[in-house]
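Participant: take this sequence and fold it.
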Amino acid sequence: MSDIFVMLRNQDNIALTSIDGIAFVTLLKQDERVVAEEIVELIYADAGFDDLPLGKYTVAVQHKSVEPSEVKYEVTIAAEDQVVFLTFMYLELERVFLKVKASTEMRL
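Facilitator: From the prediction side, this is the model:
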């Protein structure tokens with residue numbers, strides 16, 4: 001089974017756990033249906049979705065105080081033991097989404 005690991009960072013690559021004291025929320029969707037929801041961990045600014053079968057997924061990050069309030073990224077898990085790392089980056093002071101960095105590794 002495979003995993004998707006989500007991290008939130010500011011423009012300086014520092015953990016961005018919350019804005020206005022409100023944590024970010026990550027959603028895992030498949031065919032527009034929410035299959036899992038995780039609140040971003042408040043120390044390391046990360047969330048994970050474990051033991052996923054092969055398939056196409058959408059990872060969404062939500063927060064009502066940033067623009068846009070939801071950012072989506074499409075992920076295809078095509079191999080067993082695949083680990084997908086997604087880093088959602090924001091301009092912290094401007095409260096604006098900047099970009100997503102994505103990488104994939106195989107679990108040993």
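
Participant: before we move on, what SS does the residue lying closest to Val75 once chain neighbours are set aside have?
Facilitator: For Val75, the nearest residue in space outside its immediate sequence neighbours is Tyr57; the separation is 4.7 Å by C-beta to C-beta, 6 or more residues apart in numbering. (Each C-beta comes from the backbone N, C-alpha and C, glycine too.) State at Tyr57, reduced to three classes by DSSP: H, G, I helix; E, B strand; the rest coil: strand.

Participant: please apply the same query to Ala79.
Facilitator: When the structure is reduced to helix, strand and coil (three-state DSSP), Ala79 reads as coil.

Participant: how many neighbours does it have?
Facilitator: Using other C-beta atoms under 10 Å, Ala79 is surrounded by 10 other residues.

Participant: pull the contacting residues for it.
Facilitator: When contacts are counted by C-beta atoms under 8 Å, 6 or more residues apart in numbering, Ala79 is found next to 2, 54, 106.

Participant: tabulate those (TSV), appending secondary structure and distance to Leu93.
Facilitator: What follows is the contacts of Ala79, written out as TSV (DSSP: H, G, I helix; E, B strand; the rest coil; distance: C-beta to C-beta, whole Å):
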residue	secondary structure	distance to Leu93
Ser2	strand	36
Leu54	coil	40
Met106	strand	38
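
Participant: quick one: the strands in the protein?
Facilitator: Along the chain, counting by DSSP state E, strands occupy 2-10, 18-19, 22-23, 25-30, 33-39, 46-52, 55-62, 70-77, 82-91, 96-106.
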